[in-house]
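Student: Fold the following, please.
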Amino acid sequence: MFLYELPTTGLSLRYASTISEATQIRAALRNALKEAKRTDHAAKDYLLILKVVDDYLPQLNELIVGTARDELGLKTEPVFSWRTTLSPNLFNATTRQSFPGLHADWAFTLLVQGFTLSNYARTIVTSLGAYEHDRAIRDAERKSKDDSLNFAVDLLRRASGAFAFISETVLPQWENSRSATNDASLTPGPPLPKSHPSPALTAKLHLECASLYSTARSLVKPSGDTVLSPYLSENYSFHSALGKKWLGVEAGEKGGVERAGEAVGFMVWAKEGMNTIFGGGSGGSKGKGKEKDGAEGKKGRVGMELESVEVHFQPVPAQQHLQTRIPDGTLAVPPIPFVMPQLQKKSTHLEGEIEEELNKLDLAEGEDGKKAGTYAGSGAYY
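Tutor: As a prediction, the model looks like this:
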């Protein structure tokens, strides 16, 4: 899973006194991001950042709605400074850039939310370890870790929803305002247990991952990014290879001898893809440290599976023919749509006193100055 570097932001905009709470919450967001930047990944307080973001978003939304309705007038267009983290090499002088407009702050705040949710999920998954391979694990412990893993999946779904909301809602609104957004690796070797998901479904999950990585790579490539682009390229190739591997497993286990050649063809194609990534080919990635060790581990597991194939005397189709047999991918779980938190209106002390006095008057004034009754039909005379 990709580890996002959280952006930081400059001093908060000096709003008018009527919206000073937004200024205070944004200052808290800035402090939380500054503290996170100085803290190791494992010790970052992601829950604090998420809470501050949830507090700030409805305040910011109120300002955006107010300016759109001309209920709030700003003498000058607000400008926000944010430190870019996905493509810092584009800005040679500094990674901190100034962005005009409330929509800019909206987009970056949502990016912070998405990055934080993803990193939090990564922390949870890392802490669980490869417990699915532990045959001695107790049922209670497995269930507890399954629950934690499902929680991490929900965090990733929320992150996906936030990124989609940025691309589908925030950025178009920003443009309009100026002119008028799996890792999943299942690698059990054949023969598959009865409880294992369908090989065809597993293939489609990896193919969908590859499709999403390919789309993201095409969006990032024009920027010349040297940090995110290699990650997207490698994971596109990795999931594309795993998709072909599982198509080969499906052909071999479900298709019988008649599809044995197709199974071998997909397996060979998948192994070529893995060799390109991990075997020092022209498209290979030169990882470092733990990431390199993890990549070699993936290569070893996949390699053993690709080599444990029983070959039948059937022609092996060419890759051009196999390409026509690759289905569309599918999502394991859909993104959770982003829902804008609602601003909770707080009554002022004066409003509370006025409301209390009005309630007293309603109770105190009755016929002839007597206290009005509270029984059913009180005050009704015939």
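
Student: part of a strand, is Cys209?
Tutor: No. Read with DSSP: H, G, I helix; E, B strand; the rest coil, Cys209 is helix and lies in no strand.

Student: Pull the number of nearby residues for it.
Tutor: Cys209 has 24 neighbours, counted by other C-beta atoms under 10 Å. Bear in mind the C-beta positions are built from the backbone N, C-alpha and C, glycine included.

Student: what's the nearest residue to it once chain neighbours are set aside in contact with, if anything?
Tutor: Spatial nearest neighbour of Cys209, excluding adjacent residues (C-beta to C-beta, 6 or more residues apart in numbering): His239 at 4.0 Å. By C-beta atoms under 8 Å, 6 or more residues apart in numbering, the contact list for His239 reads 182, 206-207, 209-210, 213.

Student: quick one: which of these is nearest Ser167?
Tutor: Nearest to Ser167 out of these is Tyr213 (C-beta to C-beta; 16.0 Å).

Student: Sticking with the residue nearest to Cys209, tell me its helix or strand.
Tutor: helix 228-254 (DSSP states H and E).

Student: for the record, mean pLDDT for the helix or strand following that helix?
Tutor: Proceeding N to C from helix 228-254, the next assigned helix or strand is helix 260-278, under DSSP H and E. Here helix 260-278 scores 88 as its mean pLDDT.

Student: Return the distance of helix 260-278 from the chain's centre.
Tutor: 31 Å (C-alpha atoms, centre = their mean, to the nearest Å).

Student: Which positions in it come out as buried?
Tutor: Residues of helix 260-278 classed as buried under the neighbour-count rule (16 or more other C-beta atoms under 10 Å) are 260-271, 273-278.

Student: and that helix with helix 228-254, angle?
Tutor: Angle, helix 260-278 to helix 228-254, by axes from the mean of the first three to the mean of the last three C-alpha atoms, to 10 degrees: 160 degrees.

Student: Can I get helix 260-278 as CSV, trimmed to CA atoms?
Tutor: Provided in CSV are the C-alpha atoms of helix 260-278 (Å, rounded to 0.1, in the frame of the first residue of the first chain):
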residue,chain,number,x,y,z
ALA,A,260,-4.9,-26.5,-20.7
GLY,A,261,-3.1,-24.6,-23.4
GLU,A,262,-4.9,-21.4,-22.5
ALA,A,263,-4.0,-22.0,-18.8
VAL,A,264,-0.3,-22.4,-19.7
GLY,A,265,-0.4,-19.3,-22.0
PHE,A,266,-1.8,-17.1,-19.3
MET,A,267,0.7,-18.5,-16.8
VAL,A,268,3.7,-17.8,-19.1
TRP,A,269,2.4,-14.3,-19.8
ALA,A,270,2.0,-13.7,-16.1
LYS,A,271,5.5,-15.0,-15.4
GLU,A,272,7.0,-12.7,-18.1
GLY,A,273,5.2,-9.8,-16.3
MET,A,274,6.7,-10.7,-13.0
ASN,A,275,10.2,-11.1,-14.4
THR,A,276,9.9,-7.6,-15.9
ILE,A,277,9.0,-6.2,-12.5
PHE,A,278,11.3,-8.1,-10.2
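
Student: quick one: the strands in the stretch 51-200 of the chain?
Tutor: With DSSP state E, counting those that start in this stretch as the criterion, the stretch 51-200 of the chain has strands at 79-83, 96-100.

Student: List the neighbouring strands of the last one plus their orientation.
Tutor: Applying DSSP bridges, strand 96-100 is found paired with strand 79-83 (antiparallel).

Student: Outside of the partner strand itself, list whatever touches it.
Tutor: With C-beta under 8 Å, 6+ apart, strand 79-83 has contacts from 7-10, 13, 95-100, 104-105, 108.

Student: ok, back up a step: buried among the contacts of His239? Need that as a selection in ChimeraX.
Tutor: Here is the ChimeraX command that picks out the buried ones among those, judged by 16+ other C-beta under 10 Å:
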select :182,206,207,209,210,213
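
Student: what's the spacing between Ala136 and Asp146?
Tutor: To Asp146, Ala136 is 16 Å away according to C-beta to C-beta, to the nearest Å.

Student: So these two - more neighbours on which side?
Tutor: Counting neighbours by other C-beta under 10 Å for Ala136 and for Asp146 shows that Asp146 has the greater number, 13 against 4.

Student: and Arg325, helix, strand or coil?
Tutor: coil.

Student: pLDDT value on it, please?
Tutor: Arg325 carries a pLDDT value of 85.

Student: And for Pro222?
Tutor: The model reports Pro222 with a pLDDT of 84.

Student: ditto for the one 4 residues further on
Tutor: Per-residue pLDDT puts Thr226 at 82.

Student: what about it, how many neighbours?
Tutor: 11.

Student: How about Val339?
Tutor: For Val339, using other C-beta under 10 Å, the count is 8.

Student: Let me know the secondary structure of it.
Tutor: Assignment for Val339 (three-state DSSP): coil.

Student: Next, it: phi, psi?
Tutor: The phi/psi pair for Val339 (degrees, to the nearest 10) reads phi -120, psi 120.

Student: so how far is Ser214 from it?
Tutor: 29 Å.

Student: related to what we said a few turns ago, may I see the strands of the stretch 51-200 of the chain organised as CSV, with mean neighbour count added?
Tutor: CSV is the format used below for these (neighbours: other C-beta atoms under 10 Å):
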stretch, mean neighbour count
strand 79-83, 18
strand 96-100, 14
